[in-house]
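> Next one to model:
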Amino acid sequence: MNIEIIKDHTEEIAKRINEQFELEKDSIKEQLLEEIRGYITPVPTHYEWTRGYCPYDDSGEIYVDGLVSMDQTIADFLENEFTGQRRATFISHQGFDYETYGDQISYLLKEIKENIVQKTVKKYVEELFGGKRQMFLRIF
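So this is what the prediction gives:
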């Protein structure tokens, strides 16, 4: 029954989430620019990917190849530059995936998105129930 309350108000909740994103747009932009500034100050190491020598693993390897070129777009930097970190893929013949700066910024964006959605839904439900805390707690 409690989930029905949320389902019944989906459109209004979505509208409020969009409004909240719009209100926080400039702040989010500043957060992202500050994050990117941190990535490039000082100029980070540039890594190149190579196929590697293991016939059973297509993940390859990355190796240091100087410093990142500052003569590229932010989009190219985020998409193509490796941080030097790797993570297991848990996929056969693809042991590791090498993290890009775009991967890193996506973690921040996910956190921002989740915070906005959570606080907006919480506020809406509290307004909906006029501060009836017990009903609210049963929903969440």
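
> low pLDDT regions in this structure?
Within the chain, the set of residues satisfying pLDDT under 70 comprises 1-2, 131-140.

> Do you have the helices of it handy? List them.
Using DSSP state H, the helices of the chain run over residues 2-8, 10-40, 74-80, 101-128, 133-139.

> what does the longest strand along the chain rub up against?
Ranked by residue count under DSSP state E, the longest strand found in the chain is strand 82-91. Applying Cβ atoms under 8 Å, 6 or more residues apart in numbering, the external contacts of strand 82-91 come out as 44-45, 47, 49, 59, 62, 95-101, 103-104. The way it works is simple: take the backbone N, C-alpha and C, and place the C-beta from them, glycine included.

> re the thing from before, turn the helices of the chain into a markdown table, columns for mean neighbour count and distance to residue 88.
Converted to a markdown table, the helices of the chain look like this (neighbours: other Cβ atoms under 10 Å; distance: least, Cβ to Cβ, whole Å):
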| stretch | mean neighbour count | distance to residue 88 |
| --- | --- | --- |
| helix 2-8 | 11 | 35 |
| helix 10-40 | 13 | 23 |
| helix 74-80 | 14 | 22 |
| helix 101-128 | 14 | 14 |
| helix 133-139 | 12 | 37 |
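
> who wins for proximity to residue 67 among those helices?
Ranking these by distance to residue 67, with Cβ to Cβ as the measure, places helix 10-40 first at 10.1 Å.
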